[in-house]
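Q: Coordinates only, no sequence provided:
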């Protein structure tokens, strides 16, 4: 990466936080920014734009109150509400806007909410563009509401240094804490970890001192949470990871099991009790490496980098960041970079069932349905690995050949079906065996409330991962797959055209 020898003045940061019906998440995120300001005192100036996407008026009111609260603490925070978003969208000339509908949404003014994270983020770009007074002196930081700045990292001063001394256009950092993928692709390894924990704790006396505070328990590495980590080039680390009991003070194995069981349902909202990743400080936060994935809640661009958006929001597929990252990497190479400045990803609050998560529905009783998210994960993977396969053989300029795209997507589809089938069979072999085993009367937990939570979790596994589950039926349906493949191929064929229209906004 080339370097410049003459630094300019400090960059001003404009931080965008898209949020939809998540008041507790937004508060935690803003508080983490406030702590950064208090701890490190960045002198270049920070403005935060809270980009509203809520449907619930009560949540919107809470978001506005939180913005006002942090303004009162001295932060420069703006609430970018739904009416203003619609007005900003309408300010784009109609002829240009008609080519941007799939990037910026076509939803009407009366239903201008829950447009999706990609559309809402892209609309916030327009607001940030409107706020920009000095194109050369501004950086744009895209943050998700369920992510936090880690107190041990001086993000803004480090990022300022990177953009002052290198020709980076886009910078991203990984996430630690909760996995950035759907539970749809974590169930096999999570069941293995749950089974290992229950088998171990079942061998201890319930009232003896808790044994799950070992200092030598291995930390999960990259993609350790992912059932199909090999797709991303990562090898499986161990057969299972130990549960790290979060309780402090005097407590026993019965207490540990109660705490574990109470959090099991949070898995369906994106929490992985045994494979959370931790920040590992290497002492080199400004050292860059080539990037291939955009982490949508942790990336920074300069003005020229605003062109490199996360596209395809109209498809509502997961894996949009990795997909966009491959396309951007192919276009700008090492000017798309990564640094060891992760953010803490906290998918859930204490009462996970109250968290809004697109594609996850709390049914009557204890049932949790992830069918929509599961479907979007499969076809998001199909799109991502179709792009990966394409770039092995062809260039971005050739991404207009429908016949070739059809062949590539078809090949990847067959591979993905085989991978998902293998994990599907693993889950459906393990879950019934575990359910039968935990219900044996000789276990000390027989009849205890914790077992109701464990069995409810296993029923939800069956609901979402059995042969009869809605998501699995959609994935197996040739008709449904054909429709999704047509959407994916059409989106890729129009990628360059839509990017051209987008790029004109920043001419």
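A: Structure received. This structure is a prediction, so every number in the text was calculated from the model and none was measured.
Q: Buried residues, the lengthiest helix in the chain. List them.
A: Ranked by number of residues, the top helix in the chain under DSSP state H is helix 402-438. Of the residues in helix 402-438, 405, 408-409, 412-413, 416-417, 419-420, 423-424, 426-428, 430-431, 434-435, 438 count as buried by neighbour count, 16 or more other C-beta atoms under 10 Å. In this view, the C-beta of every residue, glycine as well, is placed from N, C-alpha and C.
Q: so how far is that helix off the chain centroid?
A: From the chain centre to the centre of helix 402-438 is a distance of 21 Å (C-alpha atoms, centre = their mean, to the nearest Å).
Q: I'd like the average pLDDT over whichever helix or strand comes after it.
A: Going down the chain from helix 402-438, the next helix or strand is helix 449-465, by DSSP states H and E. On average, the pLDDT along helix 449-465 is 94.
Q: picking up where we left off before, report the mean confidence score over the longest helix of the chain.
A: On average, helix 402-438 scores 95.
Q: for that helix, packing partners?
A: helix 187-201, helix 371-393, helix 449-465, helix 470-476, helix 478-493 (3 or more C-beta pairs under 8 Å, 6 or more residues apart in numbering; DSSP states H and E).
Q: That helix vs helix 187-201, what angle?
A: Angle between the axes of helix 402-438 and helix 187-201 is 20 degrees (criterion: axes from the mean of the first three to the mean of the last three C-alpha atoms, to 10 degrees).
Q: that older thread, now the helices and strands packed on helix 402-438 in CSV, with distance to residue 399 and mean neighbour count?
A: Below are the helices and strands packed on helix 402-438 laid out as CSV (distance: least, C-beta to C-beta, whole Å; neighbours: other C-beta atoms under 10 Å):
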stretch, distance to residue 399, mean neighbour count
helix 187-201, 34, 21
helix 371-393, 7, 22
helix 449-465, 35, 19
helix 470-476, 26, 18
helix 478-493, 6, 16
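Q: Could you report the pLDDT at the nearest residue to residue 114 once chain neighbours are set aside?
A: Leaving aside its sequence neighbours, residue 114 sits nearest to residue 55 (C-beta to C-beta, 6 or more residues apart in numbering; 5.3 Å). On pLDDT, residue 55 comes in at 93.
Q: how many other residues sit next to residue 55?
A: 14 (other C-beta atoms under 10 Å).
Q: Let's verify it: helix, strand, or coil?
A: With DSSP: H, G, I helix; E, B strand; the rest coil as the basis, residue 55 sits in coil.
Q: Show me the shaky parts of this structure.
A: Filtered on pLDDT under 70, the chain yields the residue ranges 1-8, 234-237, 349-359, 361-366.
Q: What residues does the most centrally placed residue in the chain make contact with?
A: Note on the chain: the residue nearest the mean C-alpha position is residue 180, at 4.0 Å, using C-alpha atoms, centre = their mean. Going by C-beta atoms under 8 Å, 6 or more residues apart in numbering, residue 180 touches 295, 321, 345.
Q: strand partners of the helix or strand containing residue 337, parallel vs antiparallel please.
A: Assigned by DSSP H and E, residue 337 falls within strand 336-338. Strand pairing for strand 336-338, using DSSP bridges, gives strand 170-172 (parallel), strand 289-290 (antiparallel).
Q: and of these, who's closest to residue 400?
A: strand 170-172 (24.2 Å; C-beta to C-beta).
Q: Contacts for that closest one next, please.
A: 159, 162-163, 288, 291, 293-295, 298-301, 305, 308, 325, 328, 332, 335-339.
Q: Go through those residues and flag which are in helices.
A: Checked against DSSP H, the contacts of strand 170-172 include these in helices: 159, 162, 163, 325, 328, 332.
Q: and those residues as CSV, adding neighbour count and distance to residue 243?
A: Listed next are the ones in helices among the contacts of strand 170-172 as CSV, based on neighbours: other C-beta atoms under 10 Å; distance: C-beta to C-beta, whole Å:
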residue, neighbour count, distance to residue 243
159, 24, 35
162, 20, 37
163, 20, 41
325, 26, 32
328, 26, 38
332, 18, 42
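Q: how about those residues in JSON lines, adding distance to residue 241?
A: What follows is these, written out as JSON lines (distance: C-beta to C-beta, whole Å):
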{"residue": "159", "distance to residue 241": "32"}
{"residue": "162", "distance to residue 241": "33"}
{"residue": "163", "distance to residue 241": "37"}
{"residue": "325", "distance to residue 241": "27"}
{"residue": "328", "distance to residue 241": "32"}
{"residue": "332", "distance to residue 241": "36"}
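Q: any residues touching the helix or strand hosting residue 95, and which ones?
A: Taking DSSP H and E as the definition, residue 95 sits inside helix 94-97. Residues from elsewhere that reach helix 94-97 (C-beta under 8 Å, 6+ apart): 89, 90, 104, 501, 504, 505.
Q: try 10 Å this time
A: Residues outside helix 94-97 that contact it (C-beta atoms under 10 Å, 6 or more residues apart in numbering): 89, 90, 91, 104, 106, 501, 502, 504, 505.
Q: same question, stretch 390-409
A: Residues contacting stretch 390-409 (C-beta under 10 Å, 6+ apart): 326-331, 382-383, 385-389, 412, 484-486, 488-490, 492-497, 499.
Q: Try it again at 7 Å.
A: The contact list for stretch 390-409, computed with C-beta atoms under 7 Å, 6 or more residues apart in numbering, reads 326-327, 330-331, 386, 389, 485, 488-489, 492-493, 495-496.
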